[in-house]
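J.: kindly generate the corresponding structure for this input.
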Amino acid sequence: MQCGHSGCPIGTVAASEIEGVVLAQVRRLLNAPEVVARAIAAVHREGGPSEDPIAEEKRIMEAIRSLQPIWDELYPAEQNRILRLLVERVDVAADGISITLHTAGIRSLATELTHEGVPQSTEGAEA
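T.: Presented below is the predicted three-dimensional model:
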């Protein structure tokens, strides 16, 4: 039940703080094999069977790994687009933040990266 701002046990939370936590979690996704494995399991669970689950798992892992080294070089708009693909929902509670990944987005991003290569970065951009 929603009671308005005054009834919220959390109070006001700056959007920049939430964005920082979400970005840190996505970066963790890009770096941590166990998080990638959980994401892949969720893709399989929610996305239905694929023709070759092992090949799809490899494709998703390679796509996620390809983003990690160039993340800081991506245009902010491209980082935002990728975050929107990967993050379905962010819930803020008194005991922490819960981030739900968008499994269809993970699959979509992996497909995009394997077919088109790495997203556009600021490297080599004209000032």
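J.: can you pull the buried residues of the helix or strand where residue 25 lies?
T.: Assessed by DSSP states H and E, residue 25 sits inside helix 15-31. Residues 21-22, 25-26, 29-30 are the ones in helix 15-31 that count as buried (16 or more other Cβ atoms under 10 Å). Every residue, glycine included, has its C-beta placed from N, CA and C.
J.: and the residue positioned nearest the centre of the chain, what is it in contact with?
T.: Among the residues of the chain, the one closest to the centroid is residue 86, at 3.3 Å (Cα atoms, centre = their mean). Going by Cβ atoms under 8 Å, 6 or more residues apart in numbering, residue 86 touches 26, 29, 101-102, 105-106, 109.
J.: chain neighbours aside, what residue packs nearest to it?
T.: Leaving out its chain neighbours, the residue that sits closest to residue 86 by Cβ to Cβ, 6 or more residues apart in numbering is residue 105, at 5.2 Å.
J.: helix or strand right after the helix or strand bottoming out on mean pLDDT in the chain?
T.: Lowest by mean pLDDT, DSSP states H and E among the helices and strands of the chain is helix 33-47, with a mean of 70. Next in sequence after helix 33-47, counting helices and strands by DSSP H and E, comes helix 53-67.
J.: list the buried ones in that next one?
T.: Across helix 53-67, burial judged by 16+ other Cβ under 10 Å covers 56-57, 59-61, 63-64, 66-67.
J.: related to what we said a few turns ago, what does the helix holding residue 25 rub up against?
T.: Residues outside helix 15-31 that contact it (Cβ under 8 Å, 6+ apart): 35-36, 39, 64-65, 67-68, 71, 82-83, 86-87, 90, 92, 97, 99, 101.
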